[in-house]
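1. how would this look folded up:
(2 chains)
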Amino acid sequence: GAGVSQSPRYKVAKRGQDVALRCDPISGHVSLFWYQQALGQGPEFLTYFQNEAQLDKSGLPSDRFFAERPEGSVSTLKIQRTQQEDSAVYLCASLQRRGGTGELFFGEGSRLTVL
Amino acid sequence: LAKTTQPISMDSYEGQEVNITCSHNNIATNDYITWYQQFPSQGPRFIIQGYKTKVTNEVASLFIPADRKSSTLSLPRVSLSDTAVYYCLVGDGWSSASKIIFGSGTRLSIRP
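-> Alright, predicted model coming up:
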């Protein structure tokens, strides 16, 4: 597609439910990032992939958070047994490299509300 | 990773030039400086990127002094639509396998 696509845009979950958030990056972009953004805060790094390899998952808040990108394109962020503190916007971005620099292209995000 | 410091918020008026300064005292040799803009309910959007001196595009200018310990994003003749949060990022994650970190950003409000 023309840009990074995320779904669903909005998700309401009851505490304890599992959720899955999908990211469809720009075709051909090797690197993919997930961020969590709480209201009024900057995006917080969660994890990133290079192709299908998850190279850094140091930002995942707990073992309830799991991300995968099995074929090196679409990625899914899964949150198990959701808690109220998981309520946030989850942003996905893919990276276009240009020599020694690059540009992150973001999706519109998935807003998760845990009741 | 170089830590960045920028003002929490700024106010200005339509038609004015706005300069937002970011401090990054621990910037490394390979680090680039990048600015992103974020509107409510949208993901951040790339504005400008530079390594040293001055970079200009159709949206903004980026001034980087010789010591590279700070940088200034300059928005000429702002309009109401420039009201947004602006993030300064410093790192070399663009070419190497490393994470890209955002700070808290500067909330810019433009008034009529």
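2. for stretch A:22-36, the distance to its chain's centre please.
-> How far stretch A:22-36 lies from its chain's middle: 8 Å, per C-alpha atoms, centre = their mean, to the nearest Å.
3. the most centrally placed residue in chain B and residue A:35, how far apart?
-> Taking C-alpha atoms, centre = their mean, the centroid of chain B lies closest to residue B:35, which sits 3.3 Å from it. Remark: distance between residue B:35 and residue A:35 (C-beta to C-beta, to the nearest Å) = 17 Å. No exception for glycine: its C-beta is placed from N, CA and C like everyone else's.
4. so what's the gap between the helix or strand containing the residue nearest to the centre of chain B and the chain middle?
-> Following DSSP states H and E, the helix or strand that holds residue B:35 is strand B:32-38. In terms of C-alpha atoms, centre = their mean, the centre of strand B:32-38 is found 4 Å from the chain centre.
5. ok, now stretch A:19-31?
-> On the basis of C-alpha atoms, centre = their mean, stretch A:19-31 sits 8 Å off its chain's mean C-alpha point.
6. what's the first-to-last distance across that stretch?
-> By C-alpha to C-alpha, to the nearest Å, the extent of stretch A:19-31 from end to end equals 23 Å.
7. which ones are touching residue A:18?
-> Applying C-beta atoms under 8 Å, 6 or more residues apart in numbering or on different chains, one finds that residue A:18 lies in contact with A:78-82.
8. and the pLDDT at the residue of chain B found nearest chain A?
-> When scored by C-beta to the nearest C-beta, chain B has residue B:43 as its residue closest to chain A, at 2.7 Å. Confidence at residue B:43, expressed as pLDDT, is 95.
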